[in-house]
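Peer 1: Turn this into a model:
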Amino acid sequence: MPRRPRSTARAPTPAETPSAPLDDNFLDTLKGEFARVQQSANAPKPGEDLTHRAEVNRRLLQDFWEIHNQFDDVGAHLTVEPSQTLFAIFAEYPDKWAFRDNFDFGGVKTIELRDRTQGWVGFTLRFWFYNTPEGRPHFRGVFEWTDGESYHRYSGWMRMMSQAVLYDSGEHSIDVRSVHSILRDVVVKWYAAHVDKAPEAFIAHLKEKYPKGASYAKESYRD
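Peer 2: Model prediction:
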């Protein structure tokens with residue numbers, strides 16, 4: 001009696017394999033957890049008083065915005081971070097303004113004044129709060145600039161960034177007068193460099209007067 005031919009099972013192709021439905025509940029839960037982690041990281045620690053930090057940030061934001069306006073008068077385009085649209089209300093832009101009552105000044109960790117003028121990208125005045133390896137809260141200010149570009153085989157063109165450390169102290173021992181004295185020195189020479197359209201003397205001054213900070217490479221397309 002002839003044997004029946006044995007049937008051979010064929011594995012379904014990827015196109016025939018039904019895709020598993022997305023677990024929307026999982027994704028929503030994950031997003032919620034990520035948001036919770038961010039809020040927890042940014043929230044004040046128990047017993048942490050951010051009043052002093054808020055006062056320092058208010059003063060710096062006011063200083064930076066007024067500096068921004070002065071540079072704008074000579075055609076230099078600076079931007080403030082956090083944006084003025086977040087912390088200020090304008091009666092008449094850009095000179096007549098007031099702080100927003102609902103802005104969280106104590107929650108700001110970094111304040112920057114970035115130079116967006118053509119040929120000046122990378123020049124940045126930055127102050128921020130951080131914790132030392134021992135967990136002590138500190139406050140630091142730097143001026144950062146571009147020290148040329150170089151090509152890297154695997155990452156393409158990179159900007160070489162250099163820093164001068166302008167100020168560093170414990171968060172609760174910040175001397176605003178010292179900060180203003182340093183700002184006066186740095187900002188006036190930055191302004192003069194724009195007027196003369198020559199940043200070289202300004203960079204030389206930073207290197208001569210202030211301690212060297214971090215040096216690192218940064219993608220050329222990033223600000």
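Peer 1: Can you give the distance from stretch 25-38 to the centre of its chain?
Peer 2: Between the centre of stretch 25-38 and the centre of its chain there are 25 Å (Cα atoms, centre = their mean, to the nearest Å).
Peer 1: Let me see the mean pLDDT of that stretch.
Peer 2: Stretch 25-38 shows a mean pLDDT of 76.
Peer 1: now do stretch 158-176
Peer 2: 93.
Peer 1: go on, stretch 61-74?
Peer 2: 96.
Peer 1: List the buried residues in the helix or strand Leu60 falls within.
Peer 2: Secondary structure from DSSP states H and E places Leu60 in helix 51-72. Buried residues in helix 51-72, counted by 16 or more other Cβ atoms under 10 Å: 53-54, 56-58, 60-61, 63-65, 67-68, 71. The way it works is simple: take the backbone N, C-alpha and C, and place the C-beta from them, glycine included.
Peer 1: Quick one: the residues you listed as a markdown table, columns for distance to Val187 too.
Peer 2: Compiled in a markdown table, the buried residues of helix 51-72 are given as follows (distance: Cβ to Cβ, whole Å):
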| residue | distance to Val187 |
| --- | --- |
| Arg53 | 22 |
| Ala54 | 23 |
| Val56 | 17 |
| Asn57 | 18 |
| Arg58 | 19 |
| Leu60 | 12 |
| Leu61 | 15 |
| Asp63 | 9 |
| Phe64 | 10 |
| Trp65 | 13 |
| Ile67 | 6 |
| His68 | 11 |
| Phe71 | 9 |
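Peer 1: the strands in this protein, which residues?
Peer 2: All strands of the chain, identified by DSSP state E, fall at 78-81, 88-92, 96-99, 110-115, 124-131, 137-152, 156-170, 216-219.
Peer 1: rewinding a little: output the contacting helices and strands for the helix holding Leu60.
Peer 2: Contact partners of helix 51-72 among helices and strands, from 3 or more Cβ pairs under 8 Å, 6 or more residues apart in numbering; DSSP states H and E: strand 78-81, strand 96-99, strand 110-115, strand 124-131, helix 176-196.
Peer 1: Low-confidence stretches in this structure?
Peer 2: 1-24, 38-48, 149-157, 220-223 (pLDDT under 70).
Peer 1: 80 instead, please
Peer 2: Counting by pLDDT under 80, the chain shows low-confidence ranges at 1-31, 35-49, 148-159, 218-223.
Peer 1: which other residues reach stretch 84-92?
Peer 2: For stretch 84-92, contacts defined as Cβ atoms under 8 Å, 6 or more residues apart in numbering pick out Leu61, Trp65, Pro94, Lys96, Trp97, Ala98, Phe99, Arg100, Phe103, Phe105.
Peer 1: residues touching the residue nearest to Gln62 when sequence neighbours are not counted, list them.
Peer 2: Distances taken as Cβ to Cβ, 6 or more residues apart in numbering put Phe99 closest to Gln62, at 7.9 Å, once the chain neighbours are dropped. With contact set as Cβ under 8 Å, 6+ apart, Phe99 has these partners: Arg58, Leu61, Gln62, Phe87, Ala88, Ile89, Phe105.
Peer 1: nearest spatial neighbour of the second one, skipping sequence neighbours?
Peer 2: Once its chain neighbours are removed from consideration, Leu61 has its nearest residue in Phe87; the separation is 5.6 Å (Cβ to Cβ, 6+ apart).
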